[in-house]
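1. Requesting a structural model of the entry that follows:
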Amino acid sequence: MHNKGILIVVSGFSGSGKGTLMKKLISIYKDMYSLSISVTTRAPRKSEANKRDYFFVDKSQFEKMIAKNELIEYARYVGNYYGTPREFVENQLAAGKEVILEIDMQGALKVKEKYPDALLLFVTPPTACALQERLTKRGTESSDAIVSRLKQATIEAEEMCKYDYIIINDNLEDCVEQVHNIIQVEKLRSFRNKLFIDNIKEDLEVILKGDS
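-> Numbers count the residues shown, from 1 in each chain. Purely as a prediction, here's the structure:
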């Protein structure tokens, strides 16, 4: 019904499980979605690999990408740069893929300015206490870093209303299906199907001319 893919921007509190959620979605519906890999100056965690989870680069490399306009958006978060490679995203959209960007709130709102048709999803645990618990259980950061992330979450909470949908990540399997269903419904929105509408109108005119 439509040709061009939907750009889906996913943000969420650090520790909300958005990364796990998106990977699960991709694994189940691998032919439907394409997950854009962000570029970052952050050091990789133990479980992360370059070119799989992120493109890990140093500050100098990142700034060269900015200068060459190779990023759709970029932002600084908790002392590190994060950005979205332009070429990959636009090629996938043109090929009809639904492209998922998993980026922070600053980047998400910048993308929305450049791509007004983008669908914005914000992932959150069911409660603030659950968020604190998840950050602690992750075991990848110091107590000071956890406090920093919780402070950042209070700032982000003020902007959650700018997203199209709030995704409460309580049960992973249920949440995956909820996100998938939201995206499938979005594909039926009239403004995403202008070509289909135009074709129907043209065909009706042809039929009426033939009957006249």
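2. Quick one: residues contacting residue 69.
-> Residues in contact with residue 69, defined by C-beta atoms under 8 Å, 6 or more residues apart in numbering, are residue 86. Bear in mind the C-beta positions are built from the backbone N, C-alpha and C, glycine included.
3. Looks to me like residue 136 is in a helix.
-> Yes - counting by DSSP: H, G, I helix; E, B strand; the rest coil, residue 136 is located in a helix.
4. Please work out how many residues are found near it.
-> Around residue 136 sit 12 other residues, with neighbours defined as other C-beta atoms under 10 Å.
5. For it, which non-adjacent residue is spatially closest?
-> residue 146 (6.4 Å; C-beta to C-beta, 6 or more residues apart in numbering).
6. quick one: that neighbour and residue 134 touch, right?
-> No - using C-beta atoms under 8 Å, residue 146 is not in contact with residue 134, being 10.1 Å away.
7. List the buried residues of the helix or strand hosting residue 92.
-> Assigned by DSSP states H and E, residue 92 belongs to helix 86-94. Burial within helix 86-94, assessed by neighbour count using 16 or more other C-beta atoms under 10 Å, is assigned to 86, 89, 92-93.
8. so residue 55 touches residue 42, yeah?
-> No - the criterion here is C-beta under 8 Å, and residue 55 misses it with residue 42 at 11.0 Å.
9. Low-confidence ranges, this structure, go.
-> Low-confidence segments of the chain, defined by pLDDT under 70: 1-3, 212.
10. then the biggest helix by length in it to PDB, C-alphas only?
-> Scanning the chain for the helix with the most residues, using DSSP state H, yields helix 194-211. Extracted C-alpha coordinates of helix 194-211, given in PDB (Å, rounded to 0.1, in the frame of the first residue of the first chain):
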ATOM      1  CA  LYS A 194      -0.700   9.300  -0.800                       C
ATOM      2  CA  LEU A 195       0.400   7.200  -3.800                       C
ATOM      3  CA  PHE A 196      -2.300   4.600  -3.100                       C
ATOM      4  CA  ILE A 197      -4.900   7.300  -2.800                       C
ATOM      5  CA  ASP A 198      -3.800   9.000  -6.000                       C
ATOM      6  CA  ASN A 199      -3.900   5.600  -7.900                       C
ATOM      7  CA  ILE A 200      -7.400   4.900  -6.600                       C
ATOM      8  CA  LYS A 201      -8.600   8.400  -7.800                       C
ATOM      9  CA  GLU A 202      -7.000   8.000 -11.200                       C
ATOM     10  CA  ASP A 203      -8.500   4.500 -11.700                       C
ATOM     11  CA  LEU A 204     -11.900   5.800 -10.800                       C
ATOM     12  CA  GLU A 205     -11.600   8.500 -13.400                       C
ATOM     13  CA  VAL A 206     -10.600   6.000 -16.000                       C
ATOM     14  CA  ILE A 207     -13.600   3.700 -15.100                       C
ATOM     15  CA  LEU A 208     -16.000   6.700 -15.300                       C
ATOM     16  CA  LYS A 209     -14.700   7.800 -18.600                       C
ATOM     17  CA  GLY A 210     -15.200   4.300 -20.000                       C
ATOM     18  CA  ASP A 211     -18.800   4.200 -18.800                       C
END
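11. In three-state terms, label the residue nearest to residue 136 for me.
-> Secondary structure, three-state DSSP: residue 146 is helix.
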